[in-house]
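Asks: return atomic coordinates for the entry below.
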Amino acid sequence: MIVKPEFGAKNLKGIEYFTYLETLVCSNLELTSLDLSGNKKLTSLHCTNNLLTSLDLSENTELKTLHCENNNALTSLNVSRNTKLETLNCTNNPLTTLDVSRNTALTDLACSGTALTSLDVSQNTALTELACASNALTTLDVSKNTALRELKCANDQLTELNVRANTNLLKLDCSDNQLTALDVSKNTELSTLNCTNNRLTALDVSKNTELSTLNCTNNRLTALDVKANTRLDALYCQGNRLTFLDLEGLPLTSSATVGAQTRDDLILQQRGDKYEANLGTFIPREGFIKVTRLAGLSGGMSIPAVYDSTSGKATFDAEPEKVTYRYVTSNDKAPLMDVTLIVGNVITVSVSGRGRVTHQGSTEALSGDVVVSKGKDATFVVSADAGYAIASLRVDDAPVSVPLVATRYEYTFRNVTENHTLRVAFKARPGGSPGWPGGSPSNPGGSPDKPDVPPTSPDVPPVNPPASVDIPASAGQWTVFWGTPDAQGKVEVTVQVPIKSEVPLIEGSIRIDALGIEGIRIKLLPDSPAASARAMAQQHSYLLQITGTVAENAMNTARIDALHYRLEGGEEKMVRLGTNGDGILLKDMKKGTEPPKSSSGGGCAAGLGSVALLALVPLYIRRRR
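Replies: Numbers count the residues shown, from 1 in each chain. From the prediction side, this is the model:
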C-alpha cells in the first residue's frame with residue numbers, strides 16, 4: 001500500500017483493519033503518530049519525512065525493511081523484536097543510542113546524523129553496507145563485519161580505524177575524522193577511498209590495485225606513491241605536504257586535482273653573500289628535471305634563483321622566506337603541482353642518558369636537527385625513562401632551571417628566528433636523601449649533571465631548590481563519579497586524583513584545561529578521611545577533587561587536558577595529562593561506585609579551611625648573632 005501526499009491524509013486511522021498488509025509506504029505525510037500494532041504481517045515499512053515522535057514496532061516481528069529517516073523528533077527506536085530486519089535506515093533522527101545486537105540478519109544499516117556516541121555492530125556479521133557518518137563516534141569496531149562492502153563513517157570523531165579484517169571492502173569513506181594512520185593494505189578490492197580532512201602523515205595504496213578514485217585532500221602527507229594504481233581514474237590530493245608526485249602512465253581520464261602543497265622545513269645554507277636551498281631533500285634525483293618556475297620569495301618579492309637540475313640545489317641572491325616551484329606530475333593529462341617550501345630554523349637536539357625529547361603532543365623521539373618555521377613557537381617535552389630523572393637542560397649552552405628529580409619538563413622556544421641548540425642529560429633517580437642527586441644538597445664541583453645549589457649562611461634562611469609535584473598522568477590513576485542526567489540532559493560529575501608534592505601546594509592556584517566540562521569547581525581534600533587539614537598541609541599529600549557538569553551526549557568525549565598549579569614560593573607550572581600529553585578522557589578513568597558527598601562552601605578557597613591555610617604558610621625565623 002502506498003499513501004501519497006496528494007491524498008491529503010494526515011493520519012492513518014483504519015490501517016489496523018488491513019491485517020494482511022505486507023508493504024506500507026507513508027512518507028512525506030506530516031504524520032505525528034503511527035499505530036501498526038494490528039499489521040502483524042508487515043515486512044516492509046517506509047515512513048520517512050514525517051513528524052513522528054515515537055514508533056512502536058514491537059508487534060511487527062516479520063519486518064525485513066524499515067525506512068524511518070528524517071523524522072526530526074524521533075528520539076528513540078526499539079528494534080529488539082524485529083529480528084528478521086535486513087535493511088534499517090534511521091538516518092537524521094535525534095536518537096543518541098541504537099541497539100542492533102539482536103538484528104543479526106541485518107545486511108544494510110544506515111544511521112548517519114543520529115547523534116550517536118557509540119555503535120556496537122559486533123553481532124551484525126552479515127552487514128554488507130554500514131553508514132554511520134555525521135555522529136559523535138570516537139571508536140568504531142568493524143572487525144567482526146568481514147562481509148562489509150561499503151563503509152561510510154565520515155564526519156565523526158574517530159582517532160583510529162582498523163579495517164584490516166574487512167577484505168571485501170569496495171568503498172571506504174572515513175573523511176573528516178582525526179585519523180593519524182590508516183592501513184588499507186588488506187583491502188585489495190577497494191575501488192573508492194575518501195580519507196579527506198584527517199591527520200594522516202603516510203598513506204600506502206600500493207596493494208589497492210583496483211582503486212579508481214582516491215581523495216586524500218587536506219592531510220599531512222609528505223609522499224604519495226600511486227604507480228601501482230593503474231586503474232586510477234580520479235585523484236584529489238591538494239592541501240598536503242607533497243613535494244613531488246609521479247603520475248606517469250596513469251589513465252586519470254576523469255580528473256586529477258593536486259593543487260597547492262606546503263611544507264615548512266626547508267633549511268637554507270649561506271654561501272658567502274648568497275643562499276642555497278637543497279631541493280634534493282624533498283625530490284628524488286630523477287624528479288629534479290620536472291621542476292619548473294623556481295623562485296624565492298621574501299616580502300612578496302621574487303628573488304632570482306639559479307637551479308642545478310643535476311644536484312637539485314638552488315642558489316639565491318638574497319635570503320628568501322620561502323621557495324616556490326611547480327612540479328610536472330606527468331607529460332599530459334595531470335595538472336602541475338604548486339609547491340611552497342617555507343624556510344625554517346634549526347634546533348639541534350642532543351640527548352644523553354635514559355630519556356627522550358619529543359614535540360608537544362607527539363611520541364616520536366627527536367635527535368639532531370629539528371626544523372621550526374620562522375616566527376613560530378616550538379614546545380619540546382623532555383621525559384625521563386622509569387627510574388631516571390632530568391639531570392640537566394641547556395639551551396644555547398645556557399643552563400635552564402629544572403625542578404630537582406623532575407621526570408618531565410617542557411621548554412618553549414618563542415618566535416623562532418634563528419638556530420638554537422637544546423641539550424639534555426638524564427641520570428638515575430637518587431637512592432640517598434630525597435630530592436638531591438647523590439644524596440647530598442651540594443654540588444661543589446659544579447658538575448653539569450648536577451644542578452647548582454647556592455650555599456647557605458647561618459644568618460639567611462636556606463634557599464630551597466625548585467620542588468616537584470607528583471600528578472598522575474594516566475587515566476587509571478584518576479577516579480570518576482557520575483551522577484544521573486537531569487531534565488536538561490546534564491550529568492553531574494566528580495573526578496578525584498591523589499597528589500603529592502615536596503612543598504605546600506597553593507590551592508587557589510589550581511586550574512584545569514578541559515573539554516566538555518562546565519561549571520568547574522576545584523577543592524583540595526585530605527588524602528584519607530582520617531587525615532586532618534593540618535596534617536594534609538604538613539605532609540603535602542592531597543586529594544584533588546574536580547566537580548562540574550557534562551552534557552549526556554558528551555560523556556564519551558569530555559576530557560581533562562592539563563593541570564596548572566603553583567607550589568609555595570614557586571611560579572605557576574603546567575602538567576599535560578595522558579600518556580602522550582593529549583589529555584585524559586573521563587570515560588577512561590576508573591569508575592567510582594558512589595559519588596562523594598558534597599561539603600559546604602564552594603570554589604578553590606573552601607577546600608582547606610583556615611587551619612590548613614595557616615599550615616600552608618611556612619614560617620622562617622631569621623637568626624641574628
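
Asks: can you name the residues bridging to Val349?
Replies: Gly368, Leu422 (DSSP bridges).

Asks: thought Leu422 was touching it, still the case?
Replies: Yes: if you go by Cβ atoms under 8 Å, Val349 and Leu422 touch, sitting 5.1 Å apart. The way it works is simple: take the backbone N, C-alpha and C, and place the C-beta from them, glycine included.

Asks: overlap in contacts of these two?
Replies: Residues touching both Val349 and Leu422 (Cβ atoms under 8 Å, 6 or more residues apart in numbering) are Val357, Phe380.

Asks: OK, contacts around the nearest residue to Thr310 once chain neighbours are set aside?
Replies: Excluding the flanking residues, the one nearest Thr310 by Cβ to Cβ, 6 or more residues apart in numbering is Phe288, at 7.2 Å. Contact analysis of Phe288 by Cβ under 8 Å, 6+ apart lists Leu279, Gly280, Ser309, Thr310, Ser311, Gly312.

Asks: check the first one and give its pLDDT.
Replies: What that stands for is Leu279. Turning to Leu279, the model gives it a pLDDT of 92.

Asks: pull the number of nearby residues for the closest residue in space to it that isn't next to it in sequence.
Replies: The shortest distance from Leu279 to any non-neighbouring residue, by Cβ to Cβ, 6+ apart, is to Gly312 (4.5 Å). Residues near Gly312, counting by other Cβ atoms under 10 Å, number 20.

Asks: swap in Cys47?
Replies: 25.

Asks: for Ser474, same thing?
Replies: So Ser474, with other Cβ under 10 Å, has 12 neighbours.

Asks: do the same with Val346
Replies: Neighbour count of Val346, defined by other Cβ under 10 Å: 18.

Asks: I figured it hits Leu268, correct?
Replies: No: Val346 sits out of contact with Leu268 when judged by Cβ under 8 Å, with a separation of 9.7 Å.

Asks: circling back to that earlier point, PyMOL command to pick out the buried ones of the contacts of Phe288?
Replies: Per 16 or more other Cβ atoms under 10 Å, the buried members of the contacts of Phe288 correspond to this PyMOL selection:
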select buried, resi 279+312
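
Asks: any chance of the contacts of Phe288 in TSV, plus distance to Thr549 and secondary structure?
Replies: Listed next are the contacts of Phe288 as TSV, based on distance: Cβ to Cβ, whole Å; DSSP: H, G, I helix; E, B strand; the rest coil:
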residue	distance to Thr549	secondary structure
Leu279	54	helix
Gly280	56	helix
Ser309	63	coil
Thr310	66	coil
Ser311	62	coil
Gly312	58	coil
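
Asks: and the residue nearest to Thr310, helix, strand or coil?
Replies: Secondary structure, DSSP: H, G, I helix; E, B strand; the rest coil: Phe288 is helix.

Asks: state the distance from it to Ser309.
Replies: Here the criterion is Cβ to Cβ, to the nearest Å. By it, Phe288 lies 5 Å from Ser309.

Asks: and Lys573, by the same measure?
Replies: Counting by Cβ to Cβ, the gap from Lys573 to Ser309 is 53 Å.

Asks: just Thr329 next, same as before
Replies: For Thr329 relative to Ser309 (Cβ to Cβ), the value is 17 Å.

Asks: look up how far Gly548 lies from Pro498.
Replies: Counting by Cβ to Cβ, the gap from Pro498 to Gly548 is 19 Å.

Asks: quick one, which of those two is more surrounded?
Replies: Gly548 (20 against 17).

Asks: tell me which other helices or strands the host helix or strand of that one touches.
Replies: Assessed by DSSP states H and E, Gly548 sits inside strand 541-551. Contacting strand 541-551 under the criterion 3 or more Cβ pairs under 8 Å, 6 or more residues apart in numbering; DSSP states H and E are the following elements: strand 490-501, strand 518-526.

Asks: make TSV out of the ones you listed and add distance to Leu250.
Replies: TSV is the format used below for these (distance: least, Cβ to Cβ, whole Å):
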stretch	distance to Leu250
strand 490-501	53
strand 518-526	52
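
Asks: for those, which one sits closest to Gly259?
Replies: Each of the helices and strands packed on strand 541-551 was scored for nearness to Gly259 using Cβ to Cβ, and the closest is strand 518-526 (40.2 Å).

Asks: mind saving the C-alpha coords of stretch 293-311 as CSV?
Replies: What follows is stretch 293-311, C-alpha atoms only, in CSV (Å, rounded to 0.1, in the frame of the first residue of the first chain):
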residue,chain,number,x,y,z
ARG,A,293,59.3,28.1,-12.4
LEU,A,294,61.5,28.0,-9.4
ALA,A,295,61.5,31.2,-7.3
GLY,A,296,62.4,32.5,-3.9
LEU,A,297,60.1,34.9,-2.2
SER,A,298,60.7,37.5,0.5
GLY,A,299,58.1,40.0,1.5
GLY,A,300,56.1,39.2,-1.7
MET,A,301,59.1,39.9,-3.9
SER,A,302,60.6,37.3,-6.2
ILE,A,303,64.4,36.7,-5.7
PRO,A,304,66.4,35.5,-8.7
ALA,A,305,67.4,31.8,-8.4
VAL,A,306,69.9,29.6,-10.3
TYR,A,307,68.8,25.9,-10.3
ASP,A,308,71.1,23.0,-10.8
SER,A,309,68.9,20.1,-12.0
THR,A,310,71.8,17.6,-11.5
SER,A,311,72.3,18.3,-7.8
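
Asks: in that stretch, what counts as buried?
Replies: Result for stretch 293-311 [16+ other Cβ under 10 Å]: buried residues Leu294, Ala295, Gly296, Leu297, Ile303, Ala305, Tyr307.

Asks: can you give me the offset of it from its chain's centre?
Replies: The chain centre lies 37 Å from the centre of stretch 293-311; the measure is Cα atoms, centre = their mean, to the nearest Å.

Asks: give the rounded mean pLDDT of that stretch.
Replies: Here the average pLDDT along stretch 293-311 is 89.

Asks: can you check stretch 385-396 too?
Replies: 92.

Asks: cool, stretch 424-442 as well?
Replies: Per-residue scores along stretch 424-442 average to 57.

Asks: same check, this time on stretch 572-592
Replies: Mean predicted lDDT for stretch 572-592 stands at 80.

Asks: got it, and stretch 242-254?
Replies: Summarised as a single mean, pLDDT over stretch 242-254 is 81.

Asks: is it fair to say Gly508 lies in a helix?
Replies: Yes: using three-state DSSP, the assignment for Gly508 is a helix.

Asks: burial count for it?
Replies: 14.

Asks: next: Phe316.
Replies: Going by other Cβ under 10 Å, the residues that sit close to Phe316 add up to 22.

Asks: cool, Val370 as well?
Replies: Neighbour number of Val370 under other Cβ under 10 Å is 19.

Asks: residues contacting it?
Replies: Taking Cβ under 8 Å, 6+ apart, one finds Val346, Ile347, Thr348, Val349, Ala378 in contact with Val370.

Asks: buried ones only from those residues, please, as a ChimeraX command.
Replies: This is the ChimeraX syntax for the buried subset of these, where burial follows 16+ other Cβ under 10 Å:
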select :346,347,349,378
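
Asks: closest to Lys41 among the contacts of Val370?
Replies: For those, the nearest to Lys41 is Ala378 (68.6 Å; Cβ to Cβ).

Asks: so that closest one is in contact with Thr412, correct?
Replies: Yes: using Cβ under 8 Å, Ala378 is in contact with Thr412, at 6.9 Å.

Asks: re the thing from before, now the helices and strands packed on strand 541-551 in a markdown table, with distance to Gly14 and mean pLDDT?
Replies: Below are those laid out as a markdown table (distance: least, Cβ to Cβ, whole Å; pLDDT from 0 to 100):
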| stretch | distance to Gly14 | mean pLDDT |
| --- | --- | --- |
| strand 490-501 | 43 | 89 |
| strand 518-526 | 49 | 84 |
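
Asks: of all those, which one is nearest Ser118?
Replies: strand 490-501 (15.6 Å).

Asks: so which elements touch that closest one?
Replies: strand 469-470, strand 479-482, strand 541-551.

Asks: most tightly surrounded among those?
Replies: Mean neighbour count (mean count of other Cβ atoms under 10 Å) peaks for strand 541-551 among these, with a mean of 21.
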